[in-house]
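S.K.: Quick one: sequence plus predicted model below, questions after.
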Amino acid sequence: MKKIKLLEKNLKSKKIFTGKAVGFNVDTIKLPNGKTATREYLTHPGAVAVLPILKNGDIIFVKQYRYPVKEATYEIPAGKLHSKKDNFLKRAIAELKEETGYRAKKLKHLIDFWPTPAFSNELLKIYLATDLKEGKSMPDEDEFLKIEFIPLNKALKMIKTGKIKDSKTIIALQAYIIKTVK
């Protein structure tokens with residue numbers, strides 16, 4: 001069986017749209033077999049999410065309306081980087097404070113993942129926040145959030161019943177369980 005080198009080479013890139021949150025590119029690429037094809041994808045500066053766990057074991061969730069899916073969602077605090085020069089860890093600290101008001105004495109990297117690598121270059125880094133201190137939240141002016149404190153076992157049931165559908169939240173909870181199970 002012939003080995004195929006799994007690499008696609010960019011021949012031409014065209015920016016179709018550049019917005020505040022995402023961009024859209026259409027690239028002509030050379031396939032491993034020498035033929036050409038088109039790749040359409042979103043460009044994204046990257047994002048962070050924080051799994052904040054209180055001393056009593058409750059997780060701090062934000063509930064907010066998400067226009068693309070026309071529902072209020074349960075999510076862990078998160079946000080996109082503001083530029084290519086933005087720092088993931090600093091952005092995680094800022095998002096936790098902005099969305100929940102809490103500050104973490106301990107912030108530990110949990111996992112990285114690509115939410116949708118078939119059509120986006122977004123990289124999302126998730127951090128575990130513990131030893132939390134309460135403060136005043138300061139969401140962006142177009143962000144309307146409700147803070148909820150949910151025990152881990154209830155959050156897992158909410159995933160099972162479809163009340164939590166957000167991928168970063170599901171991945172964060174699974175990564176936390178995997179990394180903390182002895």
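M.R.: Thanks, I have it.

S.K.: in what helix or strand does the residue nearest to residue 51 when sequence neighbours are not counted lie?
M.R.: Spatial nearest neighbour of residue 51, excluding adjacent residues (C-beta to C-beta, 6 or more residues apart in numbering): residue 172 at 4.4 Å. Bear in mind the C-beta positions are built from the backbone N, C-alpha and C, glycine included. Using DSSP states H and E, residue 172 maps to helix 167-180.

S.K.: My guess is the residue nearest to residue 51 contacts residue 53. True?
M.R.: No: Residue 172 lies out of contact with residue 53 (C-beta atoms under 8 Å); the separation is 10.3 Å.

S.K.: Of these two, give the one with the bigger neighbour count.
M.R.: residue 172 (26 against 19; other C-beta atoms under 10 Å).

S.K.: And that one, how far from residue 93?
M.R.: Separation of residue 172 from residue 93 (C-beta to C-beta, to the nearest Å): 16 Å.

S.K.: repeat for residue 103
M.R.: Distance, residue 103 to residue 93, by C-beta to C-beta: 8 Å.

S.K.: what's the answer for residue 117, then?
M.R.: Counting by C-beta to C-beta, the gap from residue 117 to residue 93 is 27 Å.

S.K.: Please say which of those two ends up with more neighbours.
M.R.: When residue 117 and residue 93 are compared for neighbours, residue 93 comes out ahead with 18 against 11, by other C-beta under 10 Å.

S.K.: Any buried residues in the helix holding residue 172, and which?
M.R.: For helix 167-180, the neighbour count (16 or more other C-beta atoms under 10 Å) marks 168, 169, 170, 171, 172, 173, 175, 176 as buried.

S.K.: So what touches it?
M.R.: With contact meaning C-beta atoms under 8 Å, 6 or more residues apart in numbering, helix 167-180 is reached by 49, 51, 53, 59, 61, 74-76, 78, 110-111, 113, 115, 124, 126, 128, 152, 155-156, 159, 164.

S.K.: at 10 Å what do you get?
M.R.: Contact partners of helix 167-180, identified using C-beta atoms under 10 Å, 6 or more residues apart in numbering, comprise 47-51, 53, 59, 61-62, 73-78, 108, 110-113, 115-116, 124-128, 152, 155-156, 158-159, 164, 166.

S.K.: Tell me which residues touch residue 138, please.
M.R.: Residues counted as contacts of residue 138 (C-beta under 10 Å, 6+ apart) are 94, 97, 98, 99, 101.

S.K.: Let's see that with 7 Å instead.
M.R.: Contact analysis of residue 138 by C-beta atoms under 7 Å, 6 or more residues apart in numbering lists residue 98.

S.K.: Any figure for the gap between it and residue 102?
M.R.: 12 Å.

S.K.: Check the average confidence over the strand or helix carrying residue 154, would you?
M.R.: For residue 154, the host element (DSSP H and E) is helix 152-160. Summarised as a single mean, pLDDT over helix 152-160 is 97.

S.K.: Thanks again, I'm all set now.
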